[in-house]
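Visitor: pasting the sequence and the predicted model now:
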Amino acid sequence: MPEEVPRYPADLLHRARDLAYPDLAVEVLAPYTEGVFSRSALEEICRDAYDFDVPLERVRASRHLMRLDRGPTASFKTSRLGSWGEPSAGSSPSAGRIS
């Protein structure tokens, strides 16, 4: 946990609309993972975790809804937490299994 909440560059919101979702995740997570993951490792993690489209749905003229309920299993929790066990996979015969 960071001692201070990181500040994002002022232009991130403007750039965000042109970024693919995995790239945006890297931009948002990078300040929190500094010193834990290299930038390239974080990029790989985000590409692997978000290997599906995250559609934006227009609600009103200037309001959009990010459909995080869409994905490999159409489940927010499953698609977001699915890769958490991967780093420990292979460390023991029961790694990654839920009892």
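Guide: Thanks, I have it.

Visitor: just the pLDDT for the closest residue to R15 other than its chain neighbours.
Guide: Computed as C-beta to C-beta, 6 or more residues apart in numbering, the closest residue to R15 that is not its neighbour in sequence is E27, at 7.8 Å. C-beta coordinates here come from the backbone N, C-alpha and C atoms, glycine included. For E27, the model assigns a pLDDT of 95.

Visitor: what do you get for the one 10 residues further on?
Guide: Predicted confidence (pLDDT) for F37: 90.

Visitor: now do P55
Guide: The score at P55 is 80. That number is its pLDDT.

Visitor: for burial, what's the neighbour tally of it?
Guide: 12 (other C-beta atoms under 10 Å).

Visitor: offset the numbering so it begins at 32, please.
Guide: I'll keep to 32 as the first residue from here, and by that count the last item is P86.

Visitor: okay but the residue nearest to R46 is in contact with A51, surely?
Guide: No. Contact criterion C-beta atoms under 8 Å: E58 and A51 do not qualify, at 10.8 Å.

Visitor: between those two, which is the more surrounded one?
Guide: Shown here are E58 and A51; by other C-beta under 10 Å, E58 has more neighbours (16 against 13).

Visitor: so which bits of the helix or strand in which that one is found are buried?
Guide: Taking DSSP states H and E as the definition, one finds E58 inside helix 52-64. For helix 52-64, the neighbour count (16 or more other C-beta atoms under 10 Å) marks 52-58, 61 as buried.

Visitor: and the next element down the chain from it?
Guide: Using DSSP H and E, the helix or strand that directly follows helix 52-64 along the chain is helix 70-80.

Visitor: tell me the angle that following helix makes with helix 52-64.
Guide: Between helix 70-80 and helix 52-64, the angle comes out at 130 degrees (axes from the mean of the first three to the mean of the last three C-alpha atoms, to 10 degrees).

Visitor: just checking, next helix/strand downstream of helix 70-80?
Guide: Proceeding N to C from helix 70-80, the next assigned helix or strand is strand 87-91, under DSSP H and E.
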